[in-house]
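Colleague: Turn this into a structure:
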Amino acid sequence: MLNNKDPDILLLLSYIEKTFGFKGSIRHWEDERKIPLLLKEQYSFYLLRLLDSDNLIFIENRENGNTPAVISKHCKMLTNYWSNGIIYVKNTVSSTDRTRLIQAKIPFIIPDKQLYLPFMGMDFKEIFPPEKRKTGKLSPSAQLLVLGKLYKRDWTGKSPFEISHNLHISNMSVGRAFSELELHHIASVHTLGKEKVLEFHLSGFDLWNTALPILRSPVTSTKTFPFQESNNLVLAGESALSKYSMLNEPHMTTFAILNRSKDFLIHPNIDNPNEDMIIQKWAYDPRTFSKNGVADPLSIYLEFKESEDERLKQALEGLIKDIQW
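Modeller: Just a heads-up that it's a prediction; the model follows:
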(Lines give C-alpha, C1' and ligand atoms only; values in the text may rest on other atoms or scores of the structure.)
Protein backbone atom coordinates (compact mmCIF):
# COMPACT_ATOMS: atom_id res chain seq x y z
CA MET A 1 0.00 0.00 0.00
CA LEU A 2 1.30 3.45 -0.83
CA ASN A 3 1.66 5.76 2.09
CA ASN A 4 2.25 9.22 0.68
CA LYS A 5 0.52 12.55 0.15
CA ASP A 6 0.81 12.71 -3.65
CA PRO A 7 -2.12 14.99 -4.60
CA ASP A 8 -2.72 13.14 -7.89
CA ILE A 9 -3.00 9.79 -6.10
CA LEU A 10 -5.26 11.25 -3.40
CA LEU A 11 -7.49 12.86 -6.03
CA LEU A 12 -7.76 9.58 -7.94
CA LEU A 13 -8.68 7.56 -4.83
CA SER A 14 -11.20 10.18 -3.72
CA TYR A 15 -12.84 10.15 -7.15
CA ILE A 16 -13.05 6.35 -7.18
CA GLU A 17 -14.73 6.34 -3.78
CA LYS A 18 -17.26 9.01 -4.82
CA THR A 19 -18.01 7.23 -8.10
CA PHE A 20 -18.18 3.59 -7.00
CA GLY A 21 -19.08 3.94 -3.34
CA PHE A 22 -16.08 1.94 -2.13
CA LYS A 23 -12.41 2.68 -1.49
CA GLY A 24 -9.79 1.61 -3.97
CA SER A 25 -6.19 0.98 -3.05
CA ILE A 26 -2.95 1.73 -4.87
CA ARG A 27 0.46 0.13 -4.52
CA HIS A 28 3.76 0.14 -6.38
CA TRP A 29 4.13 -2.12 -9.41
CA GLU A 30 7.13 -4.36 -8.87
CA ASP A 31 7.60 -5.16 -12.57
CA GLU A 32 7.95 -1.50 -13.55
CA ARG A 33 11.70 -2.05 -13.81
CA LYS A 34 11.12 -4.37 -16.79
CA ILE A 35 9.39 -1.86 -19.06
CA PRO A 36 11.25 0.27 -21.67
CA LEU A 37 12.85 3.55 -20.60
CA LEU A 38 10.68 5.32 -23.21
CA LEU A 39 7.60 4.59 -21.07
CA LYS A 40 9.20 5.16 -17.68
CA GLU A 41 10.24 8.68 -18.74
CA GLN A 42 6.67 9.66 -19.58
CA TYR A 43 4.48 7.87 -17.04
CA SER A 44 4.24 6.81 -13.41
CA PHE A 45 3.00 3.24 -12.90
CA TYR A 46 0.93 1.77 -10.06
CA LEU A 47 -1.45 -1.10 -9.41
CA LEU A 48 -5.01 -0.01 -8.65
CA ARG A 49 -7.21 -2.56 -6.91
CA LEU A 50 -10.90 -2.38 -7.86
CA LEU A 51 -13.51 -5.03 -6.99
CA ASP A 52 -10.90 -7.62 -5.95
CA SER A 53 -9.00 -7.13 -9.20
CA ASP A 54 -5.65 -5.46 -9.81
CA ASN A 55 -5.38 -3.03 -12.72
CA LEU A 56 -2.27 -1.34 -14.04
CA ILE A 57 -2.61 2.45 -14.21
CA PHE A 58 -0.16 4.65 -16.06
CA ILE A 59 -0.31 8.34 -15.07
CA GLU A 60 1.04 10.76 -17.63
CA ASN A 61 3.68 13.09 -16.20
CA ARG A 62 3.81 15.68 -19.00
CA GLU A 63 1.49 18.69 -18.89
CA ASN A 64 0.51 18.77 -22.58
CA GLY A 65 0.52 15.01 -22.93
CA ASN A 66 0.62 12.55 -25.80
CA THR A 67 -1.96 12.22 -28.53
CA PRO A 68 -4.55 9.41 -28.28
CA ALA A 69 -2.75 7.59 -31.11
CA VAL A 70 0.53 7.57 -29.14
CA ILE A 71 -1.26 6.59 -25.92
CA SER A 72 -2.83 3.67 -27.79
CA LYS A 73 0.62 2.46 -28.89
CA HIS A 74 1.97 2.75 -25.36
CA CYS A 75 -1.03 0.88 -23.99
CA LYS A 76 -0.37 -1.99 -26.41
CA MET A 77 3.29 -2.04 -25.36
CA LEU A 78 2.21 -2.46 -21.73
CA THR A 79 0.18 -5.57 -22.58
CA ASN A 80 3.55 -7.33 -22.96
CA TYR A 81 4.16 -6.76 -19.24
CA TRP A 82 0.64 -6.86 -17.74
CA SER A 83 -2.29 -9.13 -18.65
CA ASN A 84 -5.18 -7.60 -16.67
CA GLY A 85 -6.87 -4.19 -17.00
CA ILE A 86 -4.71 -1.26 -18.11
CA ILE A 87 -5.98 2.28 -17.42
CA TYR A 88 -4.65 5.61 -18.64
CA VAL A 89 -4.87 8.41 -16.03
CA LYS A 90 -4.55 12.16 -16.52
CA ASN A 91 -6.02 15.13 -14.70
CA THR A 92 -7.13 16.98 -17.84
CA VAL A 93 -8.05 15.70 -21.30
CA SER A 94 -9.80 17.72 -24.02
CA SER A 95 -13.22 16.58 -25.20
CA THR A 96 -11.77 15.82 -28.64
CA ASP A 97 -9.01 13.62 -27.24
CA ARG A 98 -11.43 11.91 -24.89
CA THR A 99 -13.63 10.96 -27.84
CA ARG A 100 -10.60 9.56 -29.66
CA LEU A 101 -9.59 7.54 -26.59
CA ILE A 102 -13.06 6.03 -26.48
CA GLN A 103 -12.99 5.28 -30.21
CA ALA A 104 -9.69 3.46 -29.65
CA LYS A 105 -11.26 1.65 -26.65
CA ILE A 106 -8.54 2.86 -24.29
CA PRO A 107 -9.76 2.74 -20.66
CA PHE A 108 -9.14 6.02 -18.86
CA ILE A 109 -9.85 7.93 -15.67
CA ILE A 110 -9.84 11.72 -15.47
CA PRO A 111 -10.34 12.34 -11.72
CA ASP A 112 -13.39 14.40 -10.76
CA LYS A 113 -14.43 14.60 -14.40
CA GLN A 114 -14.99 11.35 -16.28
CA LEU A 115 -14.03 7.73 -16.70
CA TYR A 116 -14.31 4.99 -19.30
CA LEU A 117 -13.68 1.39 -18.22
CA PRO A 118 -15.14 -0.87 -20.91
CA PHE A 119 -13.58 -4.04 -19.45
CA MET A 120 -15.71 -3.41 -16.32
CA GLY A 121 -18.82 -2.51 -18.29
CA MET A 122 -18.57 1.14 -17.26
CA ASP A 123 -19.96 3.61 -19.80
CA PHE A 124 -19.13 7.25 -19.03
CA LYS A 125 -22.53 8.34 -20.43
CA GLU A 126 -24.29 6.60 -17.55
CA ILE A 127 -22.14 8.32 -14.94
CA PHE A 128 -21.57 11.85 -16.18
CA PRO A 129 -23.74 14.76 -17.28
CA PRO A 130 -24.41 15.13 -21.01
CA GLU A 131 -22.03 16.96 -23.29
CA LYS A 132 -22.60 20.63 -24.02
CA ARG A 133 -24.83 20.90 -27.06
CA LYS A 134 -24.09 23.03 -30.05
CA THR A 135 -26.15 26.20 -30.23
CA GLY A 136 -27.85 27.16 -33.48
CA LYS A 137 -25.66 30.20 -34.12
CA LEU A 138 -22.30 31.39 -32.88
CA SER A 139 -22.16 33.92 -30.08
CA PRO A 140 -21.03 37.47 -31.00
CA SER A 141 -17.58 36.82 -29.47
CA ALA A 142 -17.07 33.56 -31.39
CA GLN A 143 -18.26 35.26 -34.58
CA LEU A 144 -15.70 38.02 -34.05
CA LEU A 145 -12.92 35.42 -33.89
CA VAL A 146 -14.10 33.87 -37.17
CA LEU A 147 -14.31 37.28 -38.85
CA GLY A 148 -10.87 38.16 -37.54
CA LYS A 149 -9.45 34.99 -39.06
CA LEU A 150 -11.18 35.78 -42.38
CA TYR A 151 -9.70 39.29 -42.30
CA LYS A 152 -6.28 37.70 -41.76
CA ARG A 153 -5.87 38.83 -38.18
CA ASP A 154 -3.23 36.53 -36.75
CA TRP A 155 -4.88 34.71 -33.84
CA THR A 156 -2.37 31.83 -34.04
CA GLY A 157 -0.59 31.38 -30.73
CA LYS A 158 -2.46 34.32 -29.14
CA SER A 159 -3.84 33.87 -25.63
CA PRO A 160 -7.43 34.84 -24.75
CA PHE A 161 -6.01 37.88 -22.93
CA GLU A 162 -4.16 39.11 -26.05
CA ILE A 163 -7.20 38.58 -28.29
CA SER A 164 -9.54 40.23 -25.79
CA HIS A 165 -7.28 43.29 -25.81
CA ASN A 166 -7.40 43.43 -29.63
CA LEU A 167 -11.17 42.98 -29.83
CA HIS A 168 -12.06 45.03 -26.73
CA ILE A 169 -14.11 42.24 -25.21
CA SER A 170 -13.62 40.39 -21.94
CA ASN A 171 -11.02 37.68 -21.47
CA MET A 172 -13.81 35.40 -20.23
CA SER A 173 -15.84 35.97 -23.43
CA VAL A 174 -12.85 34.97 -25.56
CA GLY A 175 -12.33 31.85 -23.45
CA ARG A 176 -15.96 30.83 -23.96
CA ALA A 177 -15.62 31.57 -27.69
CA PHE A 178 -12.63 29.20 -27.84
CA SER A 179 -14.77 26.39 -26.40
CA GLU A 180 -17.65 27.24 -28.70
CA LEU A 181 -15.56 27.11 -31.86
CA GLU A 182 -14.06 23.78 -30.75
CA LEU A 183 -17.56 22.43 -30.07
CA HIS A 184 -18.56 23.32 -33.63
CA HIS A 185 -15.34 21.70 -34.98
CA ILE A 186 -14.29 25.01 -36.54
CA ALA A 187 -11.09 25.21 -34.50
CA SER A 188 -9.08 23.34 -31.90
CA VAL A 189 -7.90 24.60 -28.53
CA HIS A 190 -4.37 23.68 -27.44
CA THR A 191 -2.26 24.47 -24.41
CA LEU A 192 0.94 26.40 -25.06
CA GLY A 193 2.88 26.79 -21.85
CA LYS A 194 0.29 28.01 -19.36
CA GLU A 195 -2.02 29.56 -21.97
CA LYS A 196 -4.75 28.17 -24.19
CA VAL A 197 -4.43 29.02 -27.88
CA LEU A 198 -6.75 28.61 -30.84
CA GLU A 199 -6.01 26.85 -34.12
CA PHE A 200 -8.53 27.15 -36.96
CA HIS A 201 -9.00 24.09 -39.16
CA LEU A 202 -9.69 26.15 -42.30
CA SER A 203 -9.05 29.62 -43.68
CA GLY A 204 -10.29 31.96 -46.40
CA PHE A 205 -13.33 31.02 -48.46
CA ASP A 206 -13.34 27.45 -47.10
CA LEU A 207 -13.73 28.78 -43.56
CA TRP A 208 -16.41 31.26 -44.68
CA ASN A 209 -18.39 28.58 -46.50
CA THR A 210 -18.18 26.19 -43.54
CA ALA A 211 -19.08 28.75 -40.87
CA LEU A 212 -21.74 30.66 -42.84
CA PRO A 213 -24.75 28.57 -41.63
CA ILE A 214 -23.95 29.40 -37.99
CA LEU A 215 -23.00 33.06 -38.48
CA ARG A 216 -25.67 35.58 -37.59
CA SER A 217 -26.69 39.10 -38.52
CA PRO A 218 -24.95 41.52 -36.17
CA VAL A 219 -28.06 43.74 -36.00
CA THR A 220 -30.05 43.46 -32.77
CA SER A 221 -32.40 46.44 -33.24
CA THR A 222 -33.12 49.34 -35.60
CA LYS A 223 -34.60 52.76 -34.89
CA THR A 224 -35.02 56.08 -36.70
CA PHE A 225 -33.62 59.28 -35.18
CA PRO A 226 -33.25 62.92 -36.26
CA PHE A 227 -30.09 63.17 -38.35
CA GLN A 228 -26.91 64.35 -36.67
CA GLU A 229 -23.23 64.37 -37.49
CA SER A 230 -21.02 62.12 -35.34
CA ASN A 231 -17.51 60.78 -35.74
CA ASN A 232 -18.40 57.71 -33.66
CA LEU A 233 -20.94 56.37 -36.14
CA VAL A 234 -20.13 53.72 -38.75
CA LEU A 235 -22.02 53.37 -42.03
CA ALA A 236 -24.07 50.16 -42.09
CA GLY A 237 -27.14 48.60 -43.69
CA GLU A 238 -27.91 49.52 -47.28
CA SER A 239 -25.73 52.62 -46.92
CA ALA A 240 -22.69 50.39 -46.40
CA LEU A 241 -23.78 47.84 -49.00
CA SER A 242 -23.98 50.62 -51.60
CA LYS A 243 -20.29 51.31 -50.92
CA TYR A 244 -19.38 47.67 -51.68
CA SER A 245 -21.62 47.16 -54.72
CA MET A 246 -23.60 48.80 -57.51
CA LEU A 247 -26.60 49.27 -55.21
CA ASN A 248 -27.96 52.83 -55.20
CA GLU A 249 -27.54 54.75 -51.97
CA PRO A 250 -30.76 54.81 -49.92
CA HIS A 251 -32.44 58.16 -49.28
CA MET A 252 -32.03 57.66 -45.51
CA THR A 253 -28.52 56.94 -44.20
CA THR A 254 -27.97 53.96 -41.89
CA PHE A 255 -25.36 53.87 -39.13
CA ALA A 256 -24.39 51.22 -36.59
CA ILE A 257 -23.31 51.35 -32.95
CA LEU A 258 -22.54 48.71 -30.33
CA ASN A 259 -25.80 47.74 -28.60
CA ARG A 260 -24.52 48.85 -25.19
CA SER A 261 -22.74 51.96 -26.43
CA LYS A 262 -23.28 55.18 -24.47
CA ASP A 263 -21.44 57.40 -26.93
CA PHE A 264 -24.48 58.16 -29.06
CA LEU A 265 -26.61 61.10 -27.88
CA ILE A 266 -29.63 62.55 -29.66
CA HIS A 267 -29.53 66.26 -30.49
CA PRO A 268 -32.27 68.08 -32.43
CA ASN A 269 -31.40 68.79 -36.06
CA ILE A 270 -31.88 72.55 -36.16
CA ASP A 271 -30.77 72.97 -39.81
CA ASN A 272 -33.18 70.39 -41.25
CA PRO A 273 -35.68 69.01 -38.73
CA ASN A 274 -37.27 66.81 -41.41
CA GLU A 275 -34.10 64.80 -42.14
CA ASP A 276 -33.77 61.47 -40.35
CA MET A 277 -31.28 58.64 -40.10
CA ILE A 278 -31.43 54.97 -39.13
CA ILE A 279 -29.43 53.72 -36.16
CA GLN A 280 -28.73 50.01 -35.88
CA LYS A 281 -27.55 48.43 -32.65
CA TRP A 282 -25.08 45.58 -33.20
CA ALA A 283 -24.20 42.59 -31.03
CA TYR A 284 -20.51 43.46 -31.47
CA ASP A 285 -18.74 46.75 -32.06
CA PRO A 286 -19.09 47.69 -35.77
CA ARG A 287 -15.85 49.68 -35.50
CA THR A 288 -13.80 46.51 -34.89
CA PHE A 289 -13.27 45.67 -38.57
CA SER A 290 -14.59 48.88 -40.18
CA LYS A 291 -12.53 50.86 -42.68
CA ASN A 292 -12.93 54.51 -43.57
CA GLY A 293 -16.08 54.77 -41.49
CA VAL A 294 -17.85 51.84 -43.23
CA ALA A 295 -18.78 48.58 -41.47
CA ASP A 296 -16.88 45.51 -42.67
CA PRO A 297 -18.29 43.78 -45.78
CA LEU A 298 -18.77 40.31 -44.28
CA SER A 299 -20.89 41.68 -41.43
CA ILE A 300 -22.96 43.59 -43.99
CA TYR A 301 -23.37 40.36 -45.97
CA LEU A 302 -24.59 38.60 -42.82
CA GLU A 303 -27.11 41.39 -42.22
CA PHE A 304 -28.80 40.78 -45.56
CA LYS A 305 -28.07 37.09 -46.29
CA GLU A 306 -31.69 36.05 -45.55
CA SER A 307 -33.22 38.83 -47.66
CA GLU A 308 -35.53 37.91 -50.56
CA ASP A 309 -35.02 41.31 -52.20
CA GLU A 310 -33.45 40.68 -55.62
CA ARG A 311 -31.61 44.03 -55.50
CA LEU A 312 -29.91 43.04 -52.29
CA LYS A 313 -29.16 39.48 -53.45
CA GLN A 314 -27.39 40.82 -56.53
CA ALA A 315 -25.45 43.34 -54.45
CA LEU A 316 -24.34 40.59 -52.04
CA GLU A 317 -23.05 38.46 -54.92
CA GLY A 318 -20.87 41.36 -56.04
CA LEU A 319 -19.70 42.00 -52.48
CA ILE A 320 -18.51 38.40 -51.97
CA LYS A 321 -16.73 38.31 -55.35
CA ASP A 322 -14.67 41.34 -54.32
CA ILE A 323 -13.44 39.82 -51.05
CA GLN A 324 -9.72 39.05 -51.08
CA TRP A 325 -9.74 35.67 -49.41
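Colleague: quick one: the helices in the stretch 1-150 of the chain?
Modeller: 7-20, 37-40, 68-78, 95-103, 124-127, 140-150 (DSSP state H, counting those that start in this stretch).
Colleague: hey, which of those helices is tucked in deepest?
Modeller: helix 140-150 (a mean of 23; mean count of other CB atoms under 10 Å). The way it works is simple: take the backbone N, C-alpha and C, and place the C-beta from them, glycine included.
Colleague: How about the contacts made by the spatially closest residue to Pro36 that is not a sequence neighbour?
Modeller: With CB to CB, 6 or more residues apart in numbering as the criterion, Pro36 has its nearest non-adjacent residue at 7.1 Å, and that residue is Met77. Taking CB atoms under 8 Å, 6 or more residues apart in numbering as the contact definition, Met77 lies against 35-36, 39.
Colleague: how about low-confidence regions in the stretch 51-200 of the chain?
Modeller: For the stretch 51-200 of the chain, the stretches with pLDDT under 70 are 64, 121-135.
Colleague: Kindly present the helices of the stretch 1-150 of the chain as a markdown table, with separate columns for distance to Leu298.
Modeller: Output for the helices of the stretch 1-150 of the chain, formatted as a markdown table (distance: least, CB to CB, whole Å):
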| stretch | distance to Leu298 |
| --- | --- |
| helix 7-20 | 46 |
| helix 37-40 | 48 |
| helix 68-78 | 35 |
| helix 95-103 | 27 |
| helix 124-127 | 39 |
| helix 140-150 | 6 |
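Colleague: so how far is His201 from Ile186?
Modeller: Separation of Ile186 from His201 (CB to CB, to the nearest Å): 6 Å.
Colleague: quick one: the strands in the stretch 151-300 of the chain?
Modeller: For the stretch 151-300 of the chain, strands defined by DSSP state E, counting those that start in this stretch occupy the ranges 187-192, 195-200, 219-226, 234-235, 254-258, 276-282.
Colleague: what's the angle between the first one and helix 140-150?
Modeller: Meaning strand 187-192. Computed with axes from the mean of the first three to the mean of the last three CA atoms, to 10 degrees, the direction of strand 187-192 lies at 90 degrees from that of helix 140-150.
Colleague: strands paired with strand 187-192, and their directions?
Modeller: Strand 187-192 has its sheet partners listed here by DSSP bridges as strand 195-200 (antiparallel).
Colleague: can you pull the buried residues of the strand it pairs with?
Modeller: 197-198, 200 (16 or more other CB atoms under 10 Å).
Colleague: Which single one of those is nearest to Ser44?
Modeller: Distance to Ser44, by CB to CB, is smallest for Val197 among these, at 27.6 Å.
Colleague: circling back: could I get the contacts of Met77 as a markdown table with pLDDT and distance to Leu13?
Modeller: Output for these, formatted as a markdown table (pLDDT from 0 to 100; distance: CB to CB, whole Å):
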| residue | pLDDT | distance to Leu13 |
| --- | --- | --- |
| Ile35 | 93 | 23 |
| Pro36 | 93 | 28 |
| Leu39 | 94 | 23 |
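Colleague: how about those residues in a markdown table, adding distance to Glu310?
Modeller: As requested, the contacts of Met77 are exported to a markdown table (distance: CB to CB, whole Å):
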| residue | distance to Glu310 |
| --- | --- |
| Ile35 | 71 |
| Pro36 | 69 |
| Leu39 | 66 |
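Colleague: Between these, which sits nearest Lys152?
Modeller: Using CB to CB, those come closest to Lys152 at Leu39, 43.2 Å.
Colleague: Provide a list of residues in contact with the closest one.
Modeller: 58, 74, 77-78 are the contacts of Leu39 under CB under 8 Å, 6+ apart.
Colleague: Which pair in these has the greatest spatial separation?
Modeller: Distance extremes for the contacts of Leu39: the farthest pair is Phe58 and Met77 at 10.2 Å, using CB to CB.
Colleague: Now Pro160: closest residue in space, sequence neighbours ignored.
Modeller: Val174 (4.0 Å).
Colleague: wait, that neighbour sits on His168?
Modeller: No. Using CB atoms under 8 Å as the test, Val174 is too far from His168 to be in contact (10.9 Å).
Colleague: Have a look at these two and say which one is more surrounded.
Modeller: Comparing Val174 with His168 by other CB atoms under 10 Å, the one with more neighbours is Val174, at 26 against 12.
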